[in-house]
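J.: Okay, here's the prediction I keep looking at, along with the sequence it came from:
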Amino acid sequence: MARYRRVNIDGKSLFKTETRLLAAATYPGTFAVINGSDKFAQSAAVAGRMYIIDCAHHEGLGIEDQIPADHSAIGNYLEEGREFAVRMAAGTYKKDQAVTVSASGLAIPVPAAAGTYSVIGYIQDDVTTTAVDFIRIRARASSVTVA
């Protein structure tokens, strides 16, 4: 069972969202962009205007329920300072650990390998999960170099 009941934790959902159909079935807490067909599509990298797909409460679905393709979805703007519960793979996470986006649209820790990475936010709690779960992040848009 997920630790959160909603994706948007900061309470700004009334004026910081877009509504579109989904290009493919998508879970809440997944990163998305608007594709050429004007639909939400899962994001495979940090690129352009990004959104975090919210729960489809309007369809009776909860935070752990996948939203079917071509159904209406609400995307929260990924903006600096906002807080969200996002999907992350099982693991041990530390407060203030930087995260980016994986090819599957999940938040992942910034790799330890040297390079420049697009940071989308920072984890807000120390937590260990044993399966994909929701982790609270505070959004940020920048790059970081790991030496």
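T.: Ah, there it is.
J.: is it fair to say H58 lies in a strand?
T.: No. Under DSSP: H, G, I helix; E, B strand; the rest coil, H58 falls outside any strand and is assigned helix.
J.: do you know how far it is from D38?
T.: Distance, H58 to D38, by Cβ to Cβ, to the nearest Å: 19 Å. Using the backbone N, CA and C atoms, a C-beta is placed for each residue, glycine as well.
J.: Of the two, which one has the most company?
T.: Legend: neighbour count by other Cβ atoms under 10 Å for H58 and D38, higher for H58 (12 against 9).
J.: and this protein, what are its domains?
T.: As assigned by automatic domain parsing, the chain contains the domains 17-77, 83-146.
J.: mind listing the strands for the chain?
T.: Under the criterion DSSP state E, the chain contains strands at 17-21, 31-34, 40-42, 51-53, 72-77, 83-88, 91-93, 98-101, 107-109, 115-123, 127-129, 133-146.
J.: Name the stretch among those strands that sits most buried.
T.: Among the strands of the chain, strand 51-53 has the highest mean neighbour count (mean count of other Cβ atoms under 10 Å), at a mean of 26.
J.: Let me see the mean pLDDT of stretch 70-86.
T.: In this model, stretch 70-86 has a mean pLDDT of 92.
J.: Same question for stretch 119-127.
T.: pLDDT averaged over stretch 119-127 gives 93.
J.: Run through who's touching it.
T.: With contact meaning Cβ atoms under 8 Å, 6 or more residues apart in numbering, stretch 119-127 is reached by 31, 46, 50, 78, 83-84, 86, 92-101, 107, 110, 135-144.
J.: How about exporting that stretch as CSV, limited to the C-alpha atoms?
T.: The C-alpha trace of stretch 119-127 is given here as CSV (Å, rounded to 0.1, in the frame of the first residue of the first chain):
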residue,chain,number,x,y,z
VAL,A,119,18.2,17.4,-11.5
ILE,A,120,14.4,17.6,-11.2
GLY,A,121,14.2,17.7,-7.4
TYR,A,122,15.4,16.5,-4.1
ILE,A,123,14.1,13.8,-1.8
GLN,A,124,12.4,15.2,1.3
ASP,A,125,12.6,12.1,3.6
ASP,A,126,14.9,9.3,4.6
VAL,A,127,13.1,6.2,3.4
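J.: Counting neighbours, what do you get for Q97?
T.: Using other Cβ under 10 Å, the number of residues around Q97 comes to 16.
J.: All set now, cheers.
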